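Visitor: Only the shape, not the letters, is given here:
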């Protein structure tokens with residue numbers, strides 16, 4: 001049974017075919033955890049690995065949980081969070097990309113913030129070039145939807161209050177989008193999120209990310225989360241754009257050139273009005289739903 005009031009830190013590491021990296025991650029974690037003087041536990045969730053990940057963990061001071069088959073990064077995190085005994089949970093990947101020695105910098109702020117994120121910024125963050133354009137676009141979209149500057153939307157290195165995180169379990173996906181959705185959910189509900197600069201290294205082993213497929217999923221989940229918490233941010237700009245385009249077309253083409261109202265102009269105008277009304281209805285439903293914000 002979880003001890004919500006116990007001061008300490010549970011570290012959850014999802015692992016899927018990470019025999020090359022998991023052992024080093026656990027070894028490097030022990031020093032900063034011991035120096036923190038906090039009670040701690042390390043939970044590794046083996047997400048249906050087919051390699052020697054489990055054998056690499058033999059003799060290590062960790063609690064190992066297993067999925068019978070691969071259920072996804074987010075699903076593994078949920079399993080570890082549910083099994084954790086301390087209120088504060090740290091997560092990081094098993095591939096050796098994150099700087100385990102930076103954990104104390106996150107722990108330093110965990111009592112005063114609902115979530116502390118290790119932001120992969122600066123020259124030391126070795127993010128693959130192929131992922132940078134999509135990451136930049138996703139961050140810009142998330143910044144607009146949350147009205148917050150987000151240095152790193154989907155960093156997998158963070159410490160958070162699990163009581164807060166579990167409020168959003170019903171919308172947090174089982175995929176790699178778990179962290180980006182959690183960031184959006186917390187920011188749109190008034191929770192305190194702190195960003196601390198951290199490095200990012202070249203991974204050990206083969207990456208599980210599928211650039212095109214996962215980027216599309218990231219986009220859809222960001223928009224879906226915004227629709228869930230602040231639908232007007234999505235509907236109203238689209239509505240105003242369509243109405244504005246219809247009026248512009250009516251003046252420049254229908255009146256000055258054709259001197260007759262065209263069907264396409266009328267369609268654009270009515271579609272814009274309908275989208276705006278749909279946004280207002282969605283916002284009303286959202287406001288009438290049971291709140292999950294910080295004050296609750």
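Guide: Received the coordinates, thanks. Predicted model, so just to flag it, every value in this text is computed and none were measured.

Visitor: Where does residue 7 sit: helix, strand or coil?
Guide: coil (DSSP: H, G, I helix; E, B strand; the rest coil).

Visitor: Would you confirm that it contacts residue 86?
Guide: Yes: between residue 7 and residue 86 a contact is recorded at 7.5 Å, counting by C-beta atoms under 8 Å. For every residue, glycine as well, the C-beta is placed using N, CA and C.

Visitor: hey, what's in contact with both of the two?
Guide: Residues touching both residue 7 and residue 86 by C-beta atoms under 8 Å, 6 or more residues apart in numbering: residue 39.

Visitor: Who has more neighbours out of the two?
Guide: residue 86 (21 against 11; other C-beta atoms under 10 Å).

Visitor: quick one: that one is in a strand?
Guide: No: with three-state DSSP as the criterion, residue 86 is assigned coil and is not in a strand.

Visitor: Not counting its neighbours along the chain, what's nearest it?
Guide: Leaving out its chain neighbours, the residue that sits closest to residue 86 by C-beta to C-beta, 6 or more residues apart in numbering is residue 8, at 3.8 Å.

Visitor: Now do the one you found against residue 108, distance only.
Guide: From residue 8 across to residue 108, the span is 15 Å (C-beta to C-beta, to the nearest Å).

Visitor: Let me know how buried residue 20 is, in neighbour terms.
Guide: Neighbour tally, residue 20, other C-beta under 10 Å: 18.

Visitor: nope, residue 137 is what I was after
Guide: Around residue 137 there are 13 residues (other C-beta under 10 Å).

Visitor: Past the helix or strand where it lies, which element shows up next along the chain?
Guide: In the assignment (DSSP states H and E), residue 137 maps to helix 132-146. Scanning forward in sequence from helix 132-146 by DSSP H and E, the next helix or strand is strand 158-161.

Visitor: which secondary structure elements does the next helix-or-strand element following that following strand contact?
Guide: Once strand 158-161 ends, the next helix or strand along the chain (criterion: DSSP H and E) is helix 162-165. With contacts defined as 3 or more C-beta pairs under 8 Å, 6 or more residues apart in numbering; DSSP states H and E, the packing partners of helix 162-165 are strand 88-91.

Visitor: got the contact list for the strand it packs on?
Guide: By C-beta under 8 Å, 6+ apart, the list of residues contacting strand 88-91 reads 8-14, 77, 80-81, 103, 106-107, 110, 156-162, 165, 179.

Visitor: ok, and the closest non-adjacent residue to residue 266?
Guide: Nearest to residue 266 is residue 246, by C-beta to C-beta, 6+ apart, at 7.6 Å.

Visitor: so that neighbour touches residue 262, yeah?
Guide: No: counting by C-beta under 8 Å, residue 246 sits too far from residue 262 to count as a contact (10.0 Å).

Visitor: Looking at those two, which one has more neighbours?
Guide: Higher neighbour count among residue 246 and residue 262: residue 246, with 21 against 13, using other C-beta under 10 Å.

Visitor: mind listing what that one touches?
Guide: 265, 266, 268, 269, 272.

Visitor: Name the next helix or strand following the lowest-mean-pLDDT helix or strand in the chain along the chain.
Guide: Averaged element by element with mean pLDDT, DSSP states H and E, the chain has its least confident helix or strand at helix 211-229 (a mean of 70). The helix or strand immediately downstream of helix 211-229 is helix 232-249, counting by DSSP H and E.

Visitor: buried sites along that next one?
Guide: For helix 232-249, a neighbour-count test (16 or more other C-beta atoms under 10 Å) marks 232, 233, 234, 235, 239, 242, 243, 246, 249 as buried.

Visitor: Give me the helices and strands touching the helix or strand just after it, please.
Guide: As assigned by DSSP H and E, the chain's next helix or strand after helix 232-249 is helix 263-288. Of the remaining helices and strands, those touching helix 263-288 by 3+ C-beta pairs under 8 Å, 6+ apart are helix 211-229, helix 232-249.

Visitor: Now with 7 Å, please.
Guide: When contacts are defined as 3 or more C-beta pairs under 7 Å, 6 or more residues apart in numbering; DSSP states H and E, helix 263-288 packs onto helix 232-249.
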